[in-house]
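1. just the structure for this:
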Amino acid sequence: MRSVQLQGQLEKMAISATTDGAAHYELVLGKTRTGLNALLGQTVQLDYQGAIHCSACGRRTKTSFAQGYCYPCFTSLAQCDSCMMSPEKCHFHLGTCREPDWAEQVCFNEHIVYLANSSGLKVGITRATQMPTRWLDQGAVQALPIARVATRRLSGLLEDLFRREVADKTNWRALLKGDAPLLNLAAERDRLFGQFSGELLALQREHGPAAIQLLEASTGQHFHYPVLQYPAKIVSLNLDKTPQVRGRLLGLKGQYLLLDSGVINLRKYTSYQVAFSA
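-> Numbering: from 1, shown residues only. Okay, the predicted model is just below:
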């Protein structure tokens, strides 16, 4: 057994996938990364050291807002505005964007609307450059791009349309109980395109056919995660309540560590100062 001891500011785990869909994980603490797949079966320990530093300005904060920000940044940065969670509420065109220059770089570029299967069928959006990272972060076992759009707001309008019929959230408890049964995502795409054909045509007429491209012949991706054993009972671990988390590493899925003592979503603790040992 090799000994690993690291400390630093926690970020979400870095996940990549091989050509056959196998997910590989790295724990990120500041500028240091360490592979986690090789630690499966070993006892690991996380110690919250009592400090949180805003991921934007570095200010020390007692409470983390929006996964890693201090309150002033949370209330002033465009990336923390409500339209980031609900892009259809974008208010750039009203002249009220918090940071127009930032929005032009991030929100006014190509986005993808997709179907995924994590705890069941869901619809979601991501920047085109974030595939397949977004799907791996969600623990999806399947994903299929279904539309390519010119702006983040347009992706939100399509997502808002499709979620009349399809969920837009992952059931995290179901996610951690095992892999969801495989679905025919292409058939689900075709069903949604048929059901909402009138609304889709209206959006294309309003914004231009080049702004909304339906991907009727796209191919999907499959992923599998390094899991020795799924927990029989889901026990959620919380660094704010229990600063030391310790257990045998049974698996990695989405942004979760699966331990024999419980499960913990590391993304929730972005910007926490943490020590890690194995």
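
2. got a list of what residue 128 touches?
-> If a contact means CB atoms under 8 Å, 6 or more residues apart in numbering, then residue 128 has 109, 110, 111, 112, 148 as its contacts. C-beta coordinates here come from the backbone N, C-alpha and C atoms, glycine included.

3. for it, give me the pLDDT.
-> Confidence per residue is given as pLDDT, and for residue 128 that number is 94.

4. roughly how far does the closest residue to residue 219 other than its chain neighbours sit from residue 187?
-> Closest residue to residue 219 in three dimensions, ignoring its sequence neighbours and counting by CB to CB, 6 or more residues apart in numbering: residue 144, at 7.6 Å. In this structure, residue 144 and residue 187 are 10 Å apart, going by CB to CB, to the nearest Å.

5. likewise residue 111?
-> As it turns out, when the distance is counted by CB to CB, residue 111 lies 24 Å from residue 187.

6. these two - which one has more neighbours?
-> In this view residue 111 and residue 187 are compared by other CB atoms under 10 Å, and residue 111 has more residues nearby, 26 against 9.

7. so which strand or helix has the closest residue to that one other than its chain neighbours?
-> Ranked by CB to CB, 6+ apart and with sequence neighbours excluded, the top spatial neighbour of residue 111 is residue 155, at 3.9 Å. Counting by DSSP states H and E, the secondary-structure element that holds residue 155 is helix 152-162.

8. now for that helix, which elements pack on it?
-> The elements that helix 152-162 packs onto, with contact taken as 3 or more CB pairs under 8 Å, 6 or more residues apart in numbering; DSSP states H and E, are strand 111-117, strand 121-127, strand 142-149, helix 197-207.

9. now do the longest one: distance to the chain's middle.
-> It refers to helix 197-207. Its chain's C-alpha centre lies 28 Å from the corresponding centre of helix 197-207 when counted by CA atoms, centre = their mean, to the nearest Å.

10. and residue 11, backbone torsions?
-> phi -120, psi 170 (degrees, to the nearest 10).

11. same thing with the one 10 residues further on?
-> Its backbone dihedrals place residue 21 at phi 90, psi 10, with angles given as degrees, to the nearest 10.

12. contacts only, for it.
-> When contacts are counted by CB under 8 Å, 6+ apart, residue 21 touches 221, 222, 223, 224.

13. hang on, residue 22 packs against residue 221?
-> No. Between residue 22 and residue 221 there is no contact, the gap being 11.9 Å when judged by CB atoms under 8 Å.

14. and those two? which has more neighbours close in?
-> Counting neighbours by other CB under 10 Å for residue 22 and for residue 221 shows that residue 221 has the greater number, 19 against 13.

15. ok, that one touching residue 143?
-> Yes. Using CB under 8 Å, residue 221 is in contact with residue 143, at 5.3 Å.

16. what is in contact with these two at once?
-> Contact with both residue 221 and residue 143 is made by residues 132, 135, according to CB under 8 Å, 6+ apart.

17. and the pLDDT for residue 107?
-> Reading off the per-residue confidence, residue 107 sits at a pLDDT of 95.

18. do residue 1 as well
-> Residue-level confidence at residue 1 comes out at 45, pLDDT.

19. next: the one 4 residues further on.
-> In this prediction, residue 5 carries a pLDDT score of 91.

20. and for it, the neighbour number?
-> Applying the criterion other CB under 10 Å, we find 10 residues in the vicinity of residue 5.

21. contact partners for it?
-> Going by CB under 8 Å, 6+ apart, residue 5 touches 275, 276, 277.

22. and it, how far from residue 53?
-> When distance is defined by CB to CB, residue 5 is 21 Å away from residue 53.

23. residue 188 too?
-> When CB to CB is applied, the distance between residue 188 and residue 53 equals 42 Å.

24. what does residue 260 give?
-> Separation of residue 260 from residue 53 (CB to CB) stands at 31 Å.

25. which one of the two has more residues nearby?
-> A direct count of neighbours by other CB under 10 Å for residue 260 and residue 53 places residue 53 higher, at 17 against 14.

26. I'd say the more buried one and residue 273 touch.
-> Yes. In terms of CB under 8 Å, residue 53 counts as a neighbour of residue 273; the distance is 7.0 Å.

27. between those two, which contacts overlap?
-> Jointly contacting residue 53 and residue 273 under the rule CB under 8 Å, 6+ apart are residue 9.
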